[in-house]
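Visitor: Below are the sequence and a predicted model for it; my questions follow.
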2 protein chains.
Amino acid sequence: MTRVTADVTFLRGYNQALVMAVGRTARTFERATVVEATGLTPQAVSKVIARLIADGLIRPAGVRRPGIGKPAVVYELVPDSRYAIGAHVARRTLRLVLVDLAGTVHHSAISPLPRDFTPEQLLDALSVGIDTMAGIRDLQSRLTGLGIGMIGPLDHANGLVRDAHGLRHWHDVPLREIAEKHLGLPVHLDKDVTAGITAEAWRHGATFGDAALIMVESGIGGGFWLGGAAHRGAHTNAGEFGHTVVDLTGPRCVCGRHGCLEIVHHRAAEAGDIAHAARVLAVGVVNLLQTLDLAHVVLAGADLLRHPQTYLAAVTEAVGADARRADWLSTRVALSSLGADVIAAGAAIQVLDQHYGIPELAPI
Amino acid sequence: MTRVTADVTFLRGYNQALVMAVGRTARTFERATVVEATGLTPQAVSKVIARLIADGLIRPAGVRRPGIGKPAVVYELVPDSRYAIGAHVARRTLRLVLVDLAGTVHHSAISPLPRDFTPEQLLDALSVGIDTMAGIRDLQSRLTGLGIGMIGPLDHANGLVRDAHGLRHWHDVPLREIAEKHLGLPVHLDKDVTAGITAEAWRHGATFGDAALIMVESGIGGGFWLGGAAHRGAHTNAGEFGHTVVDLTGPRCVCGRHGCLEIVHHRAAEAGDIAHAARVLAVGVVNLLQTLDLAHVVLAGADLLRHPQTYLAAVTEAVGADARRADWLSTRVALSSLGADVIAAGAAIQVLDQHYGIPELAPI
DNA sequence: AAAAATTTAGCAACAGCGTTGCGTAATAGG
DNA sequence: CCTATTACGCAACGCTGTTGCTAAATTTTT
């Protein structure tokens, strides 16, 4: 939840979220751990911990004997105290996952969607899937909401699907509103790639720096994590990374320009030369690094994950080979740790993040 | 100043900065203006205003009679209550500007730097220039510091120049530290383009969304303003926008890759075809928009400003012509409102921003 | 000219945050 | 059994923005 002004209730939520962040990152922790990580006074941490225990979000988990002196109480996150469901809506499939407060994926299910499905058909599919998942455990009171990650363009702030590429019935659909009404759950809507990078950032913890998720799946998109938050751009349209020109004299792309990364990559892949396709993608990735100076690059997407090692090798090699990249310019390249679940899991995590993540201030 | 934990002193500084932001944006304002803009209660605004008046940062400026009822007190920023000096260090020149709290440039002076100047030579040039500027007015107590914007690579957080392109004597120079010692002023060091976009953001006020400053001057660089803050990347190396590949089969660039935006643009400009060069740059700008979805693009740099209308027209046309860009995807393209002063002014503004801008929280 | 209505300003009490000072509990070692 | 050490938390405090209410300054109405 973003807000403009800061009052004492903001302090409460903010410092509480700091402690939760420690709890997610470390399996167990004690008061001193939090004191060191945050700079809060021990007394303040005690108060925050008491509140979190009262909410059931963390719990004592034994003691640590420091050799001499009173033993320190060890705490741990209670992963199953809160859940969220995430949905990855693609052109022909719906993937649903159940994620707990620790960011662990508990169930994952994929189901087909009708060709050119309508909003109503999606809602029905969501409804069925959610009921199944919620029924597996008794989640009633612990389910915080549904996150939906899907292809854009869309308007994240207003929960509006503007004009999903290649889906005829999706023009200016107020999906968040109608889904909340239909499902009786809080709903959060975002672009697929943005949801994906959120999953990676949440799971890696606070030390996760600026990063991008590169997704190759029908098209090529990018999700960005910059300055400790997802970057969506001025109109929730950031990430159309596939439609950046890398070959001025290249073939014409569906978007009207020539030599877009997507079409050049697609031609190579179509011709069966995956290694070449991967090298083309790698050029685009290095372009991103030059522009944004990222600490992490995460590779994902169905088409990419069919040849994971080819792509990983090509991108790693291109990043490392760039002559301008000095030793202090380190960038870690990796395959998504969540595989095909990354988008859906990220969508779920965005819901958890709204409640238990660091609250943001949106100055005026 | 970034900090991890939030306490009441953070609230104080934060809400105070909100009021200052209103004061900078609007020429005059009253209590009700701030209440509406921030959501604070009138009583809270009164307290903040009282503190700011005590510090001499704002002052009453008459009354407004609302027709009926007690007249409202009108306030205004006191621009000359604080100053900062900004330096733009280029390969052969040093530009110094004096900027007041409102972001207005009062003096601007350019002086030559020796070929392959050393840190000592720069410090001497800075020293002379600063003494001159500080002598013009009696700034002693009102001078908040010196901001330096220069070519990279550098380490913003530690004030370290790593390896400035084309300057032999600039390897791992702790410029901030030695400059503070030599000049007796707080010093802030950043990349030129990042300083530049900060100037634009500060002057446009809070409604300024995600934006980029495109600078064409010997090389091509980009400064980014994303999510309400400057984006520097993981190693203060963001902005090497000129070294993104736009032509896979293009000529070899100094950086080792083929078909970088910079070399392709340079070849066109060298051949005298500025219109073509501008169109090449425009392709790069649209690439940025696809990736980052920006609300503003600001054009700057000595080479670009020699043909301002040619570049402005080419970029505006390319942004508008992109078939994928629907009507809701509006991006404003403009020339820098500060002209050649933009980098130096931005460096100065970064100093002012540290004191009177919105404080940031850096969670763990 | 006096009263009413309206708008703005600010004093005083309050709730809630993290901080500080200091006393208490729990352990190991002598 | 005493001491040193470590961890914990109550109570008072200073600070924030908020709330309730009164006072001040002006125009409009009577």
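Guide: Nice, I can see it. Residues are numbered from 1 along each chain as shown, chains lettered A, B, ... in the order given.
Visitor: switch to C-alpha atoms for all contacts and neighbour counts from now on
Guide: OK.
Visitor: what ranges do the strands span in the stretch 151-300 of chain A?
Guide: Residue ranges of the strands in the stretch 151-300 of chain A, as given by DSSP state E, counting those that start in this stretch, are A:154-155, A:160-163, A:171-173, A:187-191, A:211-217, A:219-226, A:229-231, A:296-300.
Visitor: Including mean neighbour count and distance to residue B:80, could these go into TSV?
Guide: Below are those laid out as TSV (neighbours: other C-alpha atoms under 10 Å in any protein chain shown; distance: least, C-alpha to C-alpha, whole Å):
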stretch	mean neighbour count	distance to residue B:80
strand A:154-155	24	42
strand A:160-163	20	46
strand A:171-173	16	50
strand A:187-191	27	45
strand A:211-217	26	41
strand A:219-226	25	35
strand A:229-231	20	36
strand A:296-300	25	44
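Visitor: Out of these, which is closest to DNA strand C?
Guide: Nearest to DNA strand C among the strands of the stretch 151-300 of chain A is strand A:229-231; the distance by C-alpha to the nearest atom of the strand comes to 21.7 Å.
Visitor: Residue A:239: neighbouring residues, count only.
Guide: 30 (other C-alpha atoms under 10 Å in any protein chain shown).
Visitor: residues contacting it?
Guide: Applying C-alpha atoms under 8 Å, 6 or more residues apart in numbering or on different chains, we find residue A:239 in contact with A:193, A:221, A:222, A:223, A:224, A:232, B:290, B:291, B:292, B:293.
Visitor: Pretty sure residue A:339 sits against residue A:303.
Guide: No - at 11.7 Å, residue A:339 does not count as touching residue A:303 under the criterion of C-alpha atoms under 8 Å.
Visitor: Please enumerate the helices of chain A.
Guide: Per DSSP state H, chain A carries helices over the ranges A:8-25, A:31-38, A:42-54, A:119-136, A:175-183, A:192-204, A:261-270, A:274-292, A:308-321, A:342-356.
Visitor: mind putting those helices in TSV, distance to residue B:199 and mean pLDDT included?
Guide: Listed next are the helices of chain A as TSV, based on distance: least, C-alpha to C-alpha, whole Å; pLDDT from 0 to 100:
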stretch	distance to residue B:199	mean pLDDT
helix A:8-25	30	93
helix A:31-38	32	93
helix A:42-54	39	95
helix A:119-136	45	92
helix A:175-183	37	97
helix A:192-204	29	95
helix A:261-270	33	97
helix A:274-292	20	97
helix A:308-321	32	95
helix A:342-356	32	97
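Visitor: So is stretch A:208-228 next to chain B?
Guide: Yes - interface with chain B: stretch A:208-228 contributes A:209, A:210, A:222, A:226, A:227 (C-alpha under 8 Å from any C-alpha of the partner chain).
Visitor: what's the burial count for the last one?
Guide: Look at residue A:227: counted by other C-alpha under 10 Å, it has 20 neighbours.
Visitor: ok, it to DNA strand D distance?
Guide: Relative to DNA strand D, residue A:227 is positioned 25 Å away (C-alpha to the nearest atom of the strand, to the nearest Å).
Visitor: my read: that residue touches residue B:230, true?
Guide: No - using C-alpha under 8 Å as the test, residue A:227 is too far from residue B:230 to be in contact (9.1 Å).
Visitor: who's in contact with stretch A:56-64?
Guide: By C-alpha under 8 Å, 6+ apart, the residues outside stretch A:56-64 that reach it are A:23, A:28, A:49, A:52-53, A:71-79, A:81-82.
Visitor: Could you export it as PDB, CA atoms only?
Guide: Extracted in PDB, the C-alpha atoms of stretch A:56-64 (Å, rounded to 0.1, in the frame of the first residue of the first chain):
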ATOM      1  CA  GLY A  56       0.400 -15.400  14.500                       C
ATOM      2  CA  LEU A  57       3.000 -14.400  11.900                       C
ATOM      3  CA  ILE A  58       6.000 -15.500  13.800                       C
ATOM      4  CA  ARG A  59       6.500 -17.800  16.800                       C
ATOM      5  CA  PRO A  60       9.200 -18.800  19.300                       C
ATOM      6  CA  ALA A  61      11.300 -21.700  18.200                       C
ATOM      7  CA  GLY A  62      13.500 -22.700  21.100                       C
ATOM      8  CA  VAL A  63      16.500 -20.900  22.600                       C
ATOM      9  CA  ARG A  64      20.100 -20.400  21.900                       C
END
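Visitor: ok, which residues in the stretch 101-250 of chain A are in contact with chain B?
Guide: Residues of the stretch 101-250 of chain A lying near chain B (C-alpha under 8 Å from any C-alpha): A:206-207, A:209-210, A:222, A:226-227, A:231-241, A:243-249.
Visitor: tell me, which of the residues you listed make contact with DNA strand C?
Guide: By C-alpha under 7 Å from any atom of the strand, no member of those lies near DNA strand C.
Visitor: Any of those buried? List them.
Guide: Buried members of these, counted by 16 or more other C-alpha atoms under 10 Å in any protein chain shown: A:206, A:209-210, A:222, A:226-227, A:231-241, A:243-248.
Visitor: Not counting its neighbours along the chain, what's nearest residue A:187?
Guide: Spatial nearest neighbour of residue A:187, excluding adjacent residues (C-alpha to C-alpha, 6 or more residues apart in numbering or on different chains): residue A:146 at 4.8 Å.
Visitor: could you measure the residue lying closest to residue A:302 once chain neighbours are set aside against chain B, distance?
Guide: Among residues not flanking residue A:302 along the chain, residue A:217 sits closest, at 5.3 Å (C-alpha to C-alpha, 6+ apart). Here the criterion is C-alpha to the nearest C-alpha, to the nearest Å. By it, residue A:217 lies 17 Å from chain B.
Visitor: per-residue confidence for residue A:217?
Guide: We have a pLDDT of 92 for residue A:217.
Visitor: which residues touch it?
Guide: Neighbour list for residue A:217: A:301, A:302, A:303, A:304 [criterion: C-alpha under 8 Å, 6+ apart].
Visitor: Which one of these is nearest to DNA strand D?
Guide: Nearest to DNA strand D among the contacts of residue A:217, counting by C-alpha to the nearest atom of the strand, is residue A:301 at 44.5 Å.
Visitor: And for that closest one, the neighbour number?
Guide: That count, for residue A:301 with other C-alpha under 10 Å as the rule, works out to 26.
Visitor: Can you verify my assumption that it contacts residue A:215?
Guide: Yes - in this structure residue A:301 lies within contact range of residue A:215 using C-alpha under 8 Å: 4.6 Å.
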